[in-house]
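[1] what's the 3D shape of this:
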Amino acid sequence: MEKQVAIVGAGISGLLACKYTLSKGYCPIVFESRSSIGGVWTKAIETTKLQTPKVFYQFSDFPWPSSVKEEFPNEHQVSGYLQSYARHFDLLRHIKFNSKVLSISYEGVSDEEMQSWSVWGGTGEPFSNKGRWSVLVEDNQSHSTEVYQVDFVILCLGRFSDVPNIPEFPPNKGPEVFQGDVIHSMEYVAMDYASAAKFVKGKKTTVVGFQKFALDIAVECSIANGVENPCRVLYKTEHWNLPNYLPWGVPLAYLYFNRFSELLVHKPGEGFLLGFLATILSPLVTFPFFFLSSFP
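    Reported below is the predicted structural model:
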C-alpha cells in the first residue's frame, strides 16, 4: 500500500517536497490555501526582483531557461520558472488549491505514549503502524471541511506565510489617532501596480523598515509621486544594506549553497562521524550573521 504524505504549502519548499516524495514512491497531497503555486511569489509588487543571483536560486535538476538573460529575474520570470518546474515534473495534479489546513493531529496513540517518544513514531522511522495523521482542511470557496488521513506530514509554510508583523502601540499613540492612511506591506502588495500607484499618488508617504521589501515599496512610492511628495524611510539602526552573498568580496554563498552545508547540521541516524563533524562545524552556521553585523 502506498504511503500517503500531506504537504502543507505549494511554495518552493512544497514543490520540492512533492517532487521528491513522488520519486521515493510515495503518494503526496499538497494543500495550498491560495489558487496558485509559488508561495511569496504568488503575489509581489511590480518592481520586485530576485535579490540572489539566479545561479544560486534554481532547482538542481531544472535550470533557468535560456530566455531569462537577467542576473536578477523579476517576479513574473520567477513565477513562470516555478510554474514550468511544476508542469515539467507533473506536480499540479497532486495539489489541492484553495484548501486551508485548519488543524493537524495524530490519531491512534495515547498522549502519554507520544510524550515518551524521543524520535519519530517511537522508533525513529517516519512511518508508524501505531497511528496516522488527521489533517482537517477547509475549502476556501465552499467553506466545507474534510478530514484527510495520511501517514506523514511535511510543513512547507515558510517564514512569510500571511502573518503580518504589526507592533503594539501604547493607548492613544497608534494608527487610530493618525489622520492619514496606515497599511501593512501585505495590504500594499495585495493591490495591483496601477491601484497601488493610485493609492499613494499625491500623498506624503513614510515607509517603516529598511529591508528589501520596504525599499521596494519606497521606490514605487517615489516613482508615483516624484520630488513633489518625497517618500521617507524610517528605520531603527543606521546601517548599510549589502548583498549577503558577496560582502567585502568574500563569496559566502559558495560555502553554504553546496553539499558541504549538509555537514553543518545534525541529522537522524547520522552516526558518530557525521555527528562529530556537525558539532565542530556548528559555528559556521551563524558565521555569516556575525560577519555581516560587523559592517558599520
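
[2] identify the residues contacting residue 138.
    The neighbours of residue 138, taking Cβ atoms under 8 Å, 6 or more residues apart in numbering as the test, are 99-100, 102, 144-145. Quick note: C-beta positions are derived from backbone N, CA and C, even for glycine.

[3] buried subset of the residues you listed?
    Buried members of the contacts of residue 138, counted by 16 or more other Cβ atoms under 10 Å: 99-100.

[4] output the contacts of residue 138 as TSV; include the columns pLDDT.
    Below are the contacts of residue 138 laid out as TSV (pLDDT from 0 to 100):
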residue	pLDDT
99	97
100	95
102	96
144	97
145	97
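
[5] helices of the chain, residue ranges please.
    Defined through DSSP state H, the helices belonging to the chain, from first to last, are 12-23, 75-88, 111-115, 185-189, 193-200, 212-225, 253-256, 271-281, 283-293.

[6] thinking again about what came up before, redo the contacts of residue 138 as TSV? Include distance to residue 44.
    Listed next are the contacts of residue 138 as TSV, based on distance: Cβ to Cβ, whole Å:
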residue	distance to residue 44
99	22
100	21
102	27
144	31
145	30
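
[7] what comes up buried for stretch 93-113?
    Judged by neighbour count (16+ other Cβ under 10 Å), stretch 93-113 contains these buried residues: 94-97, 99-101, 104.

[8] neighbouring contacts of it?
    8, 10, 18, 22, 28-37, 86, 114, 122, 130-141, 145, 149, 153.

[9] what's the answer for stretch 148-167, then?
    Contacts made with stretch 148-167 from outside it, assessed by Cβ under 8 Å, 6+ apart, are listed as 3-11, 13-14, 17, 21, 26, 29, 33, 39-40, 104, 107, 126-128, 132-135, 137, 184-186.

[10] residue 219 contacts residue 47, correct?
    Yes: between residue 219 and residue 47 there is a contact at 5.9 Å, judged by Cβ atoms under 8 Å.

[11] what about the buried residues of stretch 93-113, which are in strands?
    Under the assignment DSSP state E, the buried residues of stretch 93-113 contribute 95-96, 99-101, 104 to strands.

[12] turn those residues into a markdown table, columns for distance to residue 190.
    A markdown table is the format used below for these (distance: Cβ to Cβ, whole Å):
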| residue | distance to residue 190 |
| --- | --- |
| 95 | 22 |
| 96 | 23 |
| 99 | 20 |
| 100 | 17 |
| 101 | 22 |
| 104 | 27 |
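
[13] which pair of those spans the longest distance?
    Pairwise distances across those peak at 17.9 Å for 95 and 104 (criterion: Cβ to Cβ).

[14] what's the burial count for residue 258?
    Counted with other Cβ atoms under 10 Å, the burial measure for residue 258 works out to 9 neighbours.

[15] hmm, residue 124 and residue 267 touching each other?
    No: counting by Cβ under 8 Å, residue 267 stays clear of residue 124, with 11.7 Å between them.

[16] for ChimeraX, what selects the buried ones among the contacts of stretch 148-167?
    In ChimeraX, a selection of the buried entries from the contacts of stretch 148-167 looks like this (16+ other Cβ under 10 Å):
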select :4,5,6,7,8,9,10,11,13,14,17,21,26,29,33,39,40,104,128,132,133,134,135,137,185
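
[17] need phi/psi at the residue nearest to residue 120 when sequence neighbours are not counted.
    Taking Cβ to Cβ, 6 or more residues apart in numbering, and ignoring the residues beside it in sequence, residue 120 has residue 126 as its nearest neighbour in space, at 5.4 Å. Dihedral pair for residue 126: phi -70, psi -30, per degrees, to the nearest 10.

[18] quick one: residue 126 from residue 152, how far?
    Taking Cβ to Cβ, to the nearest Å as the measure, residue 126 falls 5 Å from residue 152.

[19] equivalent analysis for residue 258, please.
    The gap separating residue 258 from residue 152 is 28 Å, by Cβ to Cβ.

[20] middle-most residue in the protein, spatially?
    residue 158 (3.4 Å; Cα atoms, centre = their mean).

[21] compute the distance between that one and residue 264, please.
    Per Cβ to Cβ, residue 158 is found 21 Å from residue 264.
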